[in-house]
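Trainee: fold the following.
(one chain, ligands or ions: 1)
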Amino acid sequence: MIPGLMQDVPLLTTAIMAHAETAHGRVEIVSRTVEGRVHRYDYAGMAARARRMARALQALGVKSGDRVASLAWNTHRHLELFYAVPGLGAVLNTVNPRLFDDQIVYVLEHAESTVLFYDRTFAPLVERLADRFTTVKTFVLMSDAESHDPGAVGALNYETLADAQSDAAFPWPSFDENAGAFLCYTSGTTGDPKGVLYSHRAVVIHALAAGLASAFGLTAFDVVMPCSSLYHATAWGLPFICPINGCKLVLPAEKMDPASLQDLIIGEGVTFSGGVPTIWTMYLDWLAQTGQTVGQLKRVIIGGSAVPRAMAETFKVKHGVQVLQIWGMTETCPLGVVATPTPSIAALGEDQVDEVIWTRQGRLQFGIELKIMAEDGSEAPRDGETSGALMVRGPWTIKSYFRKEETVILDADGWFDTGDIATLDEHGFMRITDRAKDVIKTGGEWISSIDLENIAVACPGVKIAAVVGIPHPKWEERPLLVIETHEGRTVTRDEVLDYLRPRIVKWWMPDDVVFAAVPLTATGKIDKKTLRAAWNGHLT
Ligand code: ADP
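Mentor: Next up, the predicted model:
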């Protein structure tokens, strides 16, 4: 080979901020604050504040490679840290506040974070656990100066730190694009949380790819409101995708209730939003109750758990909103696939387009290869039928977990086993049938808990449907359907079974239907481990 003769410019997140400042400097960023008021500025304002924070971080002694932790919602201050911390070559460890106390301690200790930024909401949590954070030297409360309360940890104030610094041009360092930028931990539903360290290069090319027309298709005409959390796999990369494409950004802080979201959707002209299904279940329910409309909202990306078909249909038929299902995981930065139509699907007619994009998690995107592995280790055919272990590979897929580099997690060809069971078809569409550990194994056959849940959740009155396999004396495991109903609605066991009967094969019929609150994990997924434990003896 001979070397190419093009500029060797590392792909760093600072380049995204610099581009947004020069190309989209006057494009607005609107953020609710935890204090309650709405804060407005633009990409130029954000870049200026990130410069102040970079200087403040340096003054606090933060150096390249250090870890800085955040316990914070979707706000402009958190966004500033998304650029200031990695811009210095340090790593932002976004901690999921919904983890249990012991897991939060584990994450901070394992990451060895030296500074902890936190929203006022988490002051009690921080005070409760501060003694156990042995590496944290500095606490910073992310509130305005007027309502600052240093608490028992003697927290510094975010605004005071920023005000003390200049926003003049800052000499952002240049370094290897493979340097770590964000440290995100998986929710640890089994064992301790595991750290996934995103490099600058992975974050930048993931953001470039996610903006493509075959994926999110964002343009400078879009107004984007991320309802996926900044602390969970960087809110699906939207804090980078939006500035690259010049989208107005609307940040809802912690207020994800339907009425608060609606204020922003209508008031700010939101065209594009995204979040886990739970948020949209509540929002659609609220729209039905209040008779309100969705304003300019045109597209919603939904992922993290399977999108119930009924949700996508209601969005389209009642509100003219296109749902784009996505699948991904912390280990893939997080985007894997996005369900957008192709000409070959479109040629089959609108019904077929709906059928495909409502029932598949998405289709292959450049930059992340997928394959299905059969039980014998061979590659399964791409026939849309044969299911097996979903394997992924590519420049924004994990190589090894942070501080567990000696543990090999890829196969000899570099494939990572996602732990999901899926099918792939000849058009490149992937369908998740289950997480490997949630598949119901009954008499030697498999039942997809996701498929059953998707059907059951469309039964009138049902809010959440959870299916788990529990021990059965004859069949090894049988499905149990746990239902949480919409408030004020009563649904009977027979109504649910009558609803399911014509829609599923006989041997998939749940052995029982029970009514209870469905527990959710720290990342908003149905907590099947807890459900299995709670109902373990129900059929024996
Ligand atoms: P956690 O820490 O909860 O594991 P992740 O975001 O990493 O958080 O979870 C990734 C997992 O979520 C995937 O492996 C898959 O099982 C599930 N998931 C994500 N998106 C979808 C989807 N659209 N449909 C079904 N499952 C999904």
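
Trainee: shouldn't Leu284 be within a helix?
Mentor: Yes - assessed with DSSP: H, G, I helix; E, B strand; the rest coil, Leu284 lies in a helix.

Trainee: quick one: it and Met311 touch, right?
Mentor: Yes - applying C-beta atoms under 8 Å as the test, Leu284 and Met311 come out as touching, 6.7 Å apart. Where you see a C-beta, it was placed from the backbone N, CA and C, and this is true even at glycine.

Trainee: domain parsing for the chain?
Mentor: As given by automatic domain parsing, the domain ranges for the chain are 13-255, 333-435, 440-534.

Trainee: what does the chain put close to the ligand?
Mentor: 186-187, 233, 303-306, 325-327, 329-330, 334, 361, 418-420, 432, 435, 521, 523, 525 (C-beta under 6 Å from any ligand atom).

Trainee: which of those residues fall in strands?
Mentor: Using DSSP state E, the members of the residues of the chain next to the ligand that fall in strands are 325-327, 418-420, 432, 435.

Trainee: hmm, back to that, out of the residues of the chain next to the ligand, which end up buried?
Mentor: In the residues of the chain next to the ligand, burial by neighbour count holds for 186-187, 233, 303-306, 325-327, 329-330, 334, 361, 418, 420, 432, 435, 521, 523, 525, counting by 16 or more other C-beta atoms under 10 Å.

Trainee: report how many residues lie close to Glu385.
Mentor: 11 (other C-beta atoms under 10 Å).

Trainee: so who does it touch?
Mentor: Residues in contact with Glu385 (C-beta atoms under 8 Å, 6 or more residues apart in numbering) are Thr423.

Trainee: Thr138 too?
Mentor: Neighbours of Thr138 in contact, by C-beta under 8 Å, 6+ apart: 60, 114-116, 156.

Trainee: rerun that using 6 Å as the cut-off
Mentor: 60, 115 (C-beta atoms under 6 Å, 6 or more residues apart in numbering).

Trainee: can you pull the phi/psi pair for it?
Mentor: With angles defined as degrees, to the nearest 10, Thr138 sits at phi -130, psi 130.

Trainee: quick one: Tyr358 is in a helix?
Mentor: Heads up, residue 358 is Trp, not Tyr. Yes - residue state for Trp358 (three-state DSSP) corresponds to a helix.

Trainee: where does the residue nearest to it when sequence neighbours are not counted sit, in terms of helix or strand?
Mentor: Nearest residue to Trp358 in three dimensions, chain neighbours excluded: Ala312, at 4.4 Å (C-beta to C-beta, 6 or more residues apart in numbering). In the assignment (DSSP states H and E), Ala312 maps to helix 309-319.

Trainee: list the buried residues in that helix.
Mentor: Buried-residue list, helix 309-319, by 16+ other C-beta under 10 Å: 309-312, 314-315, 319.

Trainee: could the residues you listed be laid out in a markdown table, adding pLDDT?
Mentor: Listed next are the buried residues of helix 309-319 as a markdown table, based on pLDDT from 0 to 100:
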| residue | pLDDT |
| --- | --- |
| Arg309 | 90 |
| Ala310 | 90 |
| Met311 | 93 |
| Ala312 | 96 |
| Thr314 | 96 |
| Phe315 | 98 |
| His319 | 98 |
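
Trainee: with respect to Lys441, which of those is nearest?
Mentor: Arg309 (25.0 Å; C-beta to C-beta).

Trainee: thought the closest one was touching Val356?
Mentor: No - at 11.5 Å, Arg309 and Val356 do not qualify as touching, with contact defined as C-beta atoms under 6 Å.
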